[in-house]
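Q: sequence first, predicted model second:
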Amino acid sequence: MIADVKRKLLHGSAFCLALLTAGGHAAAQIPDAVSQEAPAQDGQNEGGLQEIIVTAQTRAQKLQEVPISVVAVQGTDLATKAVIRPIDLQIAAPGFTATETAFATQFFIRGIGSGLNAGFEQSVGLYVDGVHLPRSLQTRIPFLDVDRVEVLRGPQSILLGKNAIAGALNVTTAKPTQDFFGRLTSSYEFNANELGLEGAVSGPITDTIRVRVAGKYRSSDGYIRNLTLNRLEPARDEAAIRVTADVDVTQDLQLSFKSEYNQFNTDGKAMEIYGEEPAKAGPFAGLTYAQVLVNVFHLDPTLLDNRIDGRRTSDGEKSRAHATANVLTLNWQTGGYTLRSTTAYTTALADDDAINPDLLGARIITGHIHDKYTQFSQELRLISPKFDSFDFIAGAYYANGLQRYRQAVGFPSDSTFVTIVNARQPGAGTLVANTWINRRVRVEADTFSAFGQLNWRPISDVTVQLGGRLSYSKIQGSKILTVEPIGGGALPAAQVNAPLVYAQVLAASSSNLAGLGAAGNAMINRLGEFPVAGTRRETRFTPDVKILYRPTPQVMLYAGYARGQKSGGFDFAANNRLTYPTARDAFEFDDEKAQNFEVGSKMSLLGGRAELNLAAYYTKLTNLQISIFDGRLGFNVGNAASARAQGIEANGRMQLGRHFTLSTGVNYTDFKYLRFPNGQCYFGQTPTVDGNGDGVPEFCDYKGKSSQLTSKVTANASLTSVFPIFDGYQIGTTTEVFYASAYDAAANYDPAGRQAKYALLNMRVGVGPENGSWELAFVGRNLTDKQVFQFVGDTAIAATVAQAKSNYAILSQGRTLAIQLNAKF
């Protein structure tokens, strides 16, 4: 372990040394002992509360002036609390849920989120410096040198706009500074052997040019023992660098250019198999899935470790991903107006060379995923000055996004699946040996929109906010499924009928079936024909209306109505026509729509020493886009549901004397499906809904159920303190508590995936000089050592192979203990 630490320290130090050297010459020119970076726009209220500045509505505003339910997390808090990536924000923002599943990352706000499908845009929009990052892959990018993160609840239809019907994460990165500045944060976490290094240098190059260079390196061994490979997982290796330059071209024209590269690699998953039950019928009656594999087919005995105990078996998963962003922003001031142009080109690429679809340490299924997304976007905004009775923002937006997705899943020659199929149908298993089904999807979308927001003040203390966005989208997609030898090429003559086995056993259609005569045609009639292609054109208008009233200078009340809409598109994951007439019909899904009614208040209390923000909402959702694993190799995808979400949100802060600050948040979320007839049944559940009219029920009705991963109640409380300990030095502490009531972690509502209520405790203690030049801290997260379900699903093909129940769970990390050193210069 010591050798590993030394190796990681060497690699990470070399990376950050190169980063700091880039700005070292400039820093060396200023002999001052310390140069602290202060928040650019945050102020101090009388009574001690630090004002929070947000840009949720484009303009820099105090949080208490914004008629949106917002949780803002400052960049300094992200670093000190070890919030590394968006998924870690859950404790800071009750009502926001994030999870990394076996296939994708999901975000939820108010119970509203997107299903597991690479073709879905996210219902919770991710915006970094005003640029929309729409795909699930992009949500995995770790935070780097962030100024703040704003969690915006409710549809953001106008100024953020694109598809953010549940809410948005609005991320603002740190900008170049007028004075020379540098910082370095290093940390080491003991349980997962995790090393983290992050640094930034900033300052002027000339009187008109300022530059900021930031970078990070992080590696971790993981926290679940893989018995097959004798290693900890998930092992992460992440590196990122960003260069930002601000240029005063003229007195009225400013240019900002940002270029960023992120690399995030993972080996293994935080996954365990559990909840197995013996088969009740068939040739393996009385045996669990693991017992079938070990006792009947003589596979690795460690497969019998199928309980939640911090251990798993797996042949190993490997993901190599990187993302880039190049953003040019121009701000031209004239006559009090600001014309802002934002031009962006972003890319994201993931090569998952080993996805281990069977989720086990057994040679059953092999596969890989290649997912590449590129986007060009251009936005123009005209921001008016604040006149006595009105102000406005107007703009236009264009984006072109292109996604190429390839997934191959199949059976190596020595696969146990081959043996099992041969036992049932002699020769059928041999047909699929060393073959896979390869899906290739291409989707390109062009979006044009115009938007505007007017703030009209007809009388003192009353503001009417009127906004709207008119959008047009053209989306083109194609998908083909082909059975091929592993590695590609044409099927040999002896295996030309392999597609029939995929169709019969796994309900997977393919383009090969068309050449297999009557048997192939019969499967096409049953499952649908590939390839498929289509074009969607959508025109939509989304309004947003709010009324703000200030009965006193310390209180703002607001009420609003907003309509949100998320684009339809084309499915990546289904293997057949599902219950649709054709595979082409199943390929396309429609827009998802939301109507939100909301009232709220922002209050400053106790002479500015306390704040209390309240919101109550009712959201009606229609045409919800769903994607649920079918337990074999595919997903059930489409627009299956309508729902409503209603709830109450409360957030507050209070200065307790000179040394303590208390922050709290409580969310009550009541989400219910009003219509969801074609839900995927969990193993052993009796279907009740006939989806295709053949008289045989295939689905289970989810009406009345809550959303996946949604607790009725989530709450947090954070107490921070700063005390002088002796001349020139201080000690700072932070204690956080987070509570979540029970929720369903399984998308198919399997009772085995029900997560009980739980509480987490985080603590941080730091010591350093009062001028902030350095600090040494101890950080403990999840001190209650709660590992909870982040996602639960059916183990792939357990039902097909053994007719037995088996579940997998994605688990959160348990207790972490870290030391952290922060330095500024």
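A: Received it, and whenever you're ready, just let me know what you need. If you're wondering where the values come from, they're calculated on a predicted model, not measured in any experiment.
Q: restricting to C-alpha, output stretch 622-638 in PDB.
A: Written as PDB, here are the backbone C-alpha positions of stretch 622-638 (Å, rounded to 0.1, in the frame of the first residue of the first chain):
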ATOM      1  CA  THR A 622     -47.200  13.600 -19.600                       C
ATOM      2  CA  ASN A 623     -45.500  11.300 -22.100                       C
ATOM      3  CA  LEU A 624     -42.700  10.400 -19.700                       C
ATOM      4  CA  GLN A 625     -39.900   8.700 -21.500                       C
ATOM      5  CA  ILE A 626     -39.100   5.300 -19.900                       C
ATOM      6  CA  SER A 627     -36.400   2.700 -20.300                       C
ATOM      7  CA  ILE A 628     -36.300  -0.400 -18.100                       C
ATOM      8  CA  PHE A 629     -34.000  -3.400 -18.400                       C
ATOM      9  CA  ASP A 630     -35.900  -6.500 -19.500                       C
ATOM     10  CA  GLY A 631     -33.700  -9.000 -17.600                       C
ATOM     11  CA  ARG A 632     -32.200 -10.400 -20.800                       C
ATOM     12  CA  LEU A 633     -30.200  -8.200 -23.100                       C
ATOM     13  CA  GLY A 634     -32.600  -5.400 -24.000                       C
ATOM     14  CA  PHE A 635     -34.800  -2.600 -22.600                       C
ATOM     15  CA  ASN A 636     -38.400  -1.700 -22.800                       C
ATOM     16  CA  VAL A 637     -38.400   1.900 -24.100                       C
ATOM     17  CA  GLY A 638     -41.100   4.400 -25.000                       C
END
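Q: tell me the mean pLDDT for it?
A: Stretch 622-638 comes out with an average pLDDT of 78.
Q: going forward, the N-terminal residue is numbered 39.
A: OK, 39 is where the count begins now, so the last one is stretch 660-676.
Q: need the contact partners of stretch 493-503.
A: If you take CB atoms under 8 Å, 6 or more residues apart in numbering as the criterion, stretch 493-503 is touched by 105, 426-430, 491-492, 504, 582-589, 598. From N, CA and C alone the C-beta is placed, and that goes for glycine too.
Q: among these, which are in strands?
A: Within these, residues falling in strands by DSSP state E are 428-430, 491-492, 504, 582-589, 598.
Q: so which of those residues is the most crowded?
A: Compared across these, residue 582 has the highest neighbour count, 24 neighbours, by other CB atoms under 10 Å.
Q: that one contacts residue 195, correct?
A: Yes: contact criterion CB atoms under 8 Å: residue 582 and residue 195 qualify, at 5.1 Å.
Q: which neighbours do those two have in common?
A: Common contacts of residue 582 and residue 195, defined by CB under 8 Å, 6+ apart, comprise 505, 600, 601.
Q: who does the first one bridge with?
A: Read that as residue 505. For residue 505, the beta-bridge assignment (DSSP bridges) gives partners residue 491, residue 582.
Q: wait, doesn't it sit right on residue 579?
A: No: contact criterion CB under 8 Å: residue 505 and residue 579 do not qualify, at 11.1 Å.
Q: neighbour-wise, which of these two wins?
A: It is residue 505, of residue 505 and residue 579, that has more neighbours when counted by other CB under 10 Å, with 23 against 12.
Q: now for whichever helix or strand residue 411 is part of, which elements pack on it?
A: Remark: residue 411 resides in strand 404-421, with elements defined by DSSP states H and E. The helices and strands touching strand 404-421, judged by 3 or more CB pairs under 8 Å, 6 or more residues apart in numbering; DSSP states H and E, are strand 169-170, strand 375-392, strand 428-449.
Q: and the longest one, how far from the chain's centre?
A: Distance of strand 428-449 from the chain centroid (CA atoms, centre = their mean, to the nearest Å) equals 15 Å.
Q: ok, it: who's next to it in the sheet?
A: Paired neighbours of strand 428-449 in the sheet (DSSP bridges): strand 404-421 (antiparallel), strand 473-497 (antiparallel).
Q: out of those, which gets nearest to residue 340?
A: Smallest distance to residue 340 across the strands paired with strand 428-449 (CB to CB): 19.2 Å, for strand 404-421.
Q: ok, back up a step: can I get the strand holding residue 411 in CSV, CA atoms only?
A: What follows is strand 404-421, C-alpha atoms only, in CSV (Å, rounded to 0.1, in the frame of the first residue of the first chain):
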residue,chain,number,x,y,z
THR,A,404,-18.9,-10.5,-23.3
GLY,A,405,-19.3,-7.1,-24.9
HIS,A,406,-18.2,-3.5,-25.4
ILE,A,407,-19.6,-0.1,-25.9
HIS,A,408,-18.3,2.8,-28.0
ASP,A,409,-20.2,6.1,-27.4
LYS,A,410,-19.2,9.3,-29.1
TYR,A,411,-21.0,12.6,-28.9
THR,A,412,-20.1,16.0,-30.4
GLN,A,413,-22.0,19.3,-30.2
PHE,A,414,-21.6,22.7,-31.7
SER,A,415,-23.7,25.5,-30.2
GLN,A,416,-24.1,29.2,-30.8
GLU,A,417,-26.1,31.6,-28.6
LEU,A,418,-26.7,35.3,-28.7
ARG,A,419,-28.1,37.2,-25.8
LEU,A,420,-29.1,40.8,-25.5
ILE,A,421,-29.2,41.9,-21.8
